[in-house]
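Novice: Here is my input, please return the structure:
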Amino acid sequence: MAIKYTKNFLDKLENLFAASSYHLRYEKGNFKSGYCLLKDTKVVIINKYFPLEGKINALIDILTELDFDPKEFKEKVNQDFLSELRQTTLKF
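Specialist: You can find the predicted model right below:
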C-alpha cells in the first residue's frame, strides 16, 4: 500500500485510533509526537503544528510501536486498513 499524504488518508488513520482504546489529541507546543499513559488513560498526542505529512508519518510510527491487532477492531474497514498499513514500510 502506498502512503498518500492527503486529508482523507489522515482521516482514516484518525478513525483507526478512534476505534481503539487510545484517545488521539492534537496539541500545540514544541515537542515530538508520541503516546503515553495518563492515570490509566491511553493518549496519543500529535503536534498540531506539524504539516500534513508530519502528522501522517507520526501516526504511522505510533501505530507500528503500539502493535495493534486487526482482530481487536469491530469494523472490517479498520481491520483491512490496519492490515494494509502493516505491509507498508516507510522510506525516508
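
Novice: Please state the backbone phi and psi of the residue sitting furthest away from the middle of the chain?
Specialist: In the chain, counting by CA atoms, centre = their mean, Lys39 sits farthest out from the average C-alpha position, at 21.1 Å. Torsion angles at Lys39 (phi, psi; degrees, to the nearest 10) stand at phi 50, psi 60.

Novice: Ok, Thr6 next?
Specialist: Main-chain dihedrals, Thr6, degrees, to the nearest 10: phi -130, psi 160.

Novice: what about it, distance to Glu65?
Specialist: 23 Å (CB to CB, to the nearest Å). Every residue, glycine included, has its C-beta placed from N, CA and C.

Novice: Same check on Asp40?
Specialist: Distance from Asp40 to Glu65, by CB to CB: 19 Å.

Novice: Would you mind writing the CA trace of the helix or strand bottoming out on mean pLDDT in the chain as CSV?
Specialist: Using mean pLDDT, DSSP states H and E, strand 34-38 stands out as the lowest-scoring helix or strand of the chain, at a mean of 73. What follows is strand 34-38, C-alpha atoms only, in CSV (Å, rounded to 0.1, in the frame of the first residue of the first chain):
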residue,chain,number,x,y,z
GLY,A,34,4.1,10.3,20.9
TYR,A,35,1.9,8.3,23.2
CYS,A,36,1.6,7.9,26.9
LEU,A,37,-0.5,6.7,29.8
LEU,A,38,-2.1,9.3,32.0
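
Novice: Show me which of Asp40 and Glu65 is the more surrounded one.
Specialist: Glu65 (10 against 5; other CB atoms under 10 Å).

Novice: Might you report the residue contacts of the more buried one?
Specialist: Residues counted as contacts of Glu65 (CB atoms under 8 Å, 6 or more residues apart in numbering) are Tyr35.
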